[in-house]
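3D model of this:
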Amino acid sequence: MSLAAIYVQINTMTGPARLFAPLVWLPLLCAGMLGVSGCRTPAGRDAEGPTEPSVTVAITGPVMPTSTTSVMLGIDVLEANGFHAVAGKRIGLLTHPAGVNQRGESTVDVLFNAPGVKLVALFAPEHGLRGEVKAGDDFKDSIDPRTRLPVYSFYGGNRTKAEDHLRGLDALVIDLQDIGVRSYTFYVSMRYAIEACFARGVEVIVLDRPNPLGGLKVDGPLLDRDLYSGVGGLRIPYVHGLTLGELALFAVQDPGELIIPDSVRRKGRLTVVPMRGWRRAMTWPDTGLKFVATSPLVQDFAAVVGYAMVGLGCEKPGGFASGIGKSYPFRGLSYSFPTSPGKPARIMPADQLATDLSALHLPGLAFRVLPDPANALRTGVYVEVTDWNAWNPTELSFQLMRLACRYNPPNPYTKVKAEDIFYKLVGSKTWIAALRRDGAKVNVEAFLADWKKQAAAYQQQSKKYWLYQ
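Okay, here's the model as predicted:
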């Protein structure tokens, strides 16, 4: 039985059984009877060192929620357990504005003010520590005005330099709110951090958070390995159904996911502090937690849902645009026809676009025309999820790509180059080759059926990394 499975059993117990469960399981774990890599006996090592990385899922006694929500985040569990996992260690923290506890307090402040905790450096992913940087923009190192700690840019061209500042740390704590979508960069930053820490002998401690889309929805193509980049760094479907802590377990325990020598991976140390009270069927509204913007255009759960539908590259070069003006990012859609050079593009009437999208009869979706709140003369199409269970998140994007070929013949995707980010977002060279070849006649339905089978197989295989049921 895996340590993840043991944690799930303990976490789902109630009453006295839950209180005394660690007394039953922990002696077995540390005796090596269950083969858990985080509690290996000397027999688990050979002359060349560890056969697997040291992986620990922090098991604690029962702790009670400290707010009205029933979900305790990893940072809350860490605090309730007296910061045991970081006590006495020199630690860095990789986080962003959405890294808060259930009371809305920044993890930066919680760890900085925690007794016995030595927080000495901060690391910032895309958008910066306070979320003020535009998508894709590099930013420089700085000093955090609140704590006066150094903030190292862990993004873009500055990442390699920031990795050198991991030296001298005992552990790097990672508290990043992901949105459950493959092309979102925060889990990739986590992978980079794990690789850098393992190479330098630094422990990684991941504070887990909910997947806003829940843990049961899996959809879209798996990422081709030769398309790994800053917008996709694990072989997972576009909508992957894992929490950040589970992604960390997957990255560390599945050989070939980390881009480091396997001898380095096997010497690494990973600790995951799980949540309490989260279940796989929960989407963000079910958690009772306040949603904190994860990036400038993902301000709420509605945008998260939209990102899962149109974040994989259907907007460009096809001609579709996200939002209605600056409103409804990732949930609104519009389309512009290219015209002669130097002349403005011609906009597809919103009612016609809504009619064409409705004619696709996509499961779980409806389309309605809405005005731009900032300009009533401008309208667009709002994408509404009417049936969560029937909804296949990525289907809309692939249908939009085919529709773009119909709107802009012969085929706007023939201009796409192999080095373009479109390839990395979509993640499937097979699909792009078919799209470029067949245009408006591409067989979307055959690809969707194939990806559905792949996603089902992936979900079954990924259950060994599940921390929650």
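
So what does the nearest residue to Ser142 once chain neighbours are set aside have for phi and psi?
For Ser142, ignoring the flanking residues on the chain, the nearest one in space by C-beta to C-beta, 6 or more residues apart in numbering is Val151 at 4.8 Å. (Glycine included, C-beta is placed from N, CA and C.) Here is the backbone geometry of Val151 (degrees, to the nearest 10): phi -110, psi 110.

So that it lines up with my notes, have the first residue be 46 from now on.
Got it, the first residue is 46 from now on, which makes the last one we talked about Val196.

Run through the residues that contact Val196.
By C-beta atoms under 8 Å, 6 or more residues apart in numbering, the contact set of Val196 is 167-169, 174, 186-189.

Quick check: the farthest pair among these?
The most widely separated members of the contacts of Val196 are Phe168 and Ile188, with 13.6 Å between them, by C-beta to C-beta.

Could you export the helix or strand hosting Val297 as CSV, CA atoms only?
In this assignment (DSSP states H and E), Val297 forms part of helix 289-298. Below are the C-alpha coordinates for helix 289-298, written out as CSV (Å, rounded to 0.1, in the frame of the first residue of the first chain):
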residue,chain,number,x,y,z
LEU,A,289,-0.3,20.5,-7.0
GLY,A,290,0.9,18.0,-4.3
GLU,A,291,-0.2,15.1,-6.4
LEU,A,292,1.6,16.6,-9.5
ALA,A,293,4.7,16.8,-7.4
LEU,A,294,4.4,13.1,-6.4
PHE,A,295,3.9,12.2,-10.1
ALA,A,296,6.9,14.3,-11.2
VAL,A,297,9.2,12.8,-8.6
GLN,A,298,8.1,9.2,-8.6
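
between the helix or strand hosting Glu240 and helix 289-298, how big is the angle?
Taking DSSP H and E as the criterion, Glu240 maps to helix 231-245. Computed by axes from the mean of the first three to the mean of the last three C-alpha atoms, to 10 degrees, the angle separating helix 231-245 from helix 289-298 equals 40 degrees.

list the helices and strands helix 231-245 packs on?
For helix 231-245, the contact count by 3 or more C-beta pairs under 8 Å, 6 or more residues apart in numbering; DSSP states H and E identifies strand 135-140, helix 204-208, strand 216-220, strand 248-252, helix 289-298, helix 307-310 as packing neighbours.

Mind putting the ones you listed into JSON lines with mean pLDDT?
Output for the helices and strands packed on helix 231-245, formatted as JSON lines (pLDDT from 0 to 100):
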{"stretch": "strand 135-140", "mean pLDDT": "97"}
{"stretch": "helix 204-208", "mean pLDDT": "85"}
{"stretch": "strand 216-220", "mean pLDDT": "98"}
{"stretch": "strand 248-252", "mean pLDDT": "98"}
{"stretch": "helix 289-298", "mean pLDDT": "97"}
{"stretch": "helix 307-310", "mean pLDDT": "95"}
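
what about Phe168 and Ile188, which has more around it?
Between Phe168 and Ile188, counted using other C-beta atoms under 10 Å, Phe168 has the larger neighbour count: 28 against 11.

Wasn't the more buried one part of a strand?
Yes: counting by DSSP: H, G, I helix; E, B strand; the rest coil, Phe168 is found in a strand.

That one: what's it in contact with?
With C-beta under 8 Å, 6+ apart, Phe168 has these contacts: 137-140, 196-197, 199, 207, 210, 217, 238.

Tabulate those in TSV, adding columns for distance to Ser403.
Shown next, in TSV, are the contacts of Phe168 (distance: C-beta to C-beta, whole Å):
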residue	distance to Ser403
Gly137	50
Leu138	47
Leu139	43
Thr140	42
Val196	48
Tyr197	49
Phe199	44
Ala207	48
His210	53
Leu217	49
Ala238	44
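
any idea which of those is closest to Ser385?
Looking across these and measuring by C-beta to C-beta, the closest to Ser385 is Phe199, at 44.3 Å.

count of residues packed around Ala244?
Each residue near Ala244 was counted by other C-beta under 10 Å, and the total is 17.

State the number of residues packed around the closest residue to it other than its chain neighbours.
Closest residue to Ala244 apart from its sequence neighbours, by C-beta to C-beta, 6+ apart: Val309 at 5.6 Å. By other C-beta under 10 Å, 15 other residues sit near Val309.

can you check Arg270 too?
Arg270, neighbours per other C-beta under 10 Å, totals 10.

List the contacts of the closest residue in space to it that isn't next to it in sequence.
Counting by C-beta to C-beta, 6+ apart, Arg270 lies nearest to Arg280, which is 6.1 Å off, once chain neighbours are set aside. Arg280 makes contacts with 267-268, 270, 302, as judged by C-beta under 8 Å, 6+ apart.

Could you do Tyr197 as well?
Residues in contact with Tyr197 (C-beta under 8 Å, 6+ apart) are 166-169, 186, 203, 206-207, 210.

From Gly368, how far out is the closest residue to Ala166 other than its chain neighbours?
In space, Ala166 comes closest to Gly137 once its chain neighbours are excluded; the distance is 4.2 Å by C-beta to C-beta, 6+ apart. Counting by C-beta to C-beta, to the nearest Å, the separation of Gly137 from Gly368 is 36 Å.

Ok, Glu464 next?
27 Å.

And the two? Which one has more around it.
Comparing Glu464 with Gly368 by other C-beta under 10 Å, the one with more neighbours is Gly368, at 20 against 8.
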